[in-house]
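Peer 1: Sequence and computational prediction follow.
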Amino acid sequence: MEEVVKQVASQTGISHDQAQQAVQIVVNTIKDRLPPQFASQVDAMLNGQVSQDSINQMLGGLGGMFGGNR
């Protein structure tokens, strides 16, 4: 997640602390709106602790929620 914070700070010109707060707000909002089985993986994904296979599986499940897997 630190890489995301650095990118936000760099691209917006805000301080590191402000960028960290902004990223945390966005991450919390996303987690609040995802089903529990996916929300628990958001932090791990942002910290590089999830394999590409797990990411693909999660994205496939999300596609099914929106009618992508018929």
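Peer 2: Structure received.
Peer 1: I'd like the distance from Gln21 to Gln52, if you could.
Peer 2: Here Gln21 is placed at a distance of 29 Å from Gln52 (C-beta to C-beta, to the nearest Å). No exception for glycine: its C-beta is placed from N, CA and C like everyone else's.
Peer 1: out of the two, which sits in the more crowded spot?
Peer 2: Gln21 (14 against 7; other C-beta atoms under 10 Å).
Peer 1: Can you classify the more buried one by secondary structure?
Peer 2: What DSSP: H, G, I helix; E, B strand; the rest coil gives for Gln21 is helix.
Peer 1: check contacts around it.
Peer 2: Applying C-beta atoms under 8 Å, 6 or more residues apart in numbering, we find Gln21 in contact with no residue.
Peer 1: show me what contacts the residue positioned nearest the centre of the chain?
Peer 2: By C-alpha atoms, centre = their mean, the mean C-alpha position of the chain lies nearest to Val42, the distance being 4.8 Å. By C-beta under 8 Å, 6+ apart, the contact set of Val42 is 27, 30-31, 34.
Peer 1: just Ala39 next, same as before
Peer 2: Ala39 touches 30-32, counting by C-beta under 8 Å, 6+ apart.
Peer 1: how about 6 Å then?
Peer 2: Ala39 is in contact with Lys31, counting by C-beta atoms under 6 Å, 6 or more residues apart in numbering.
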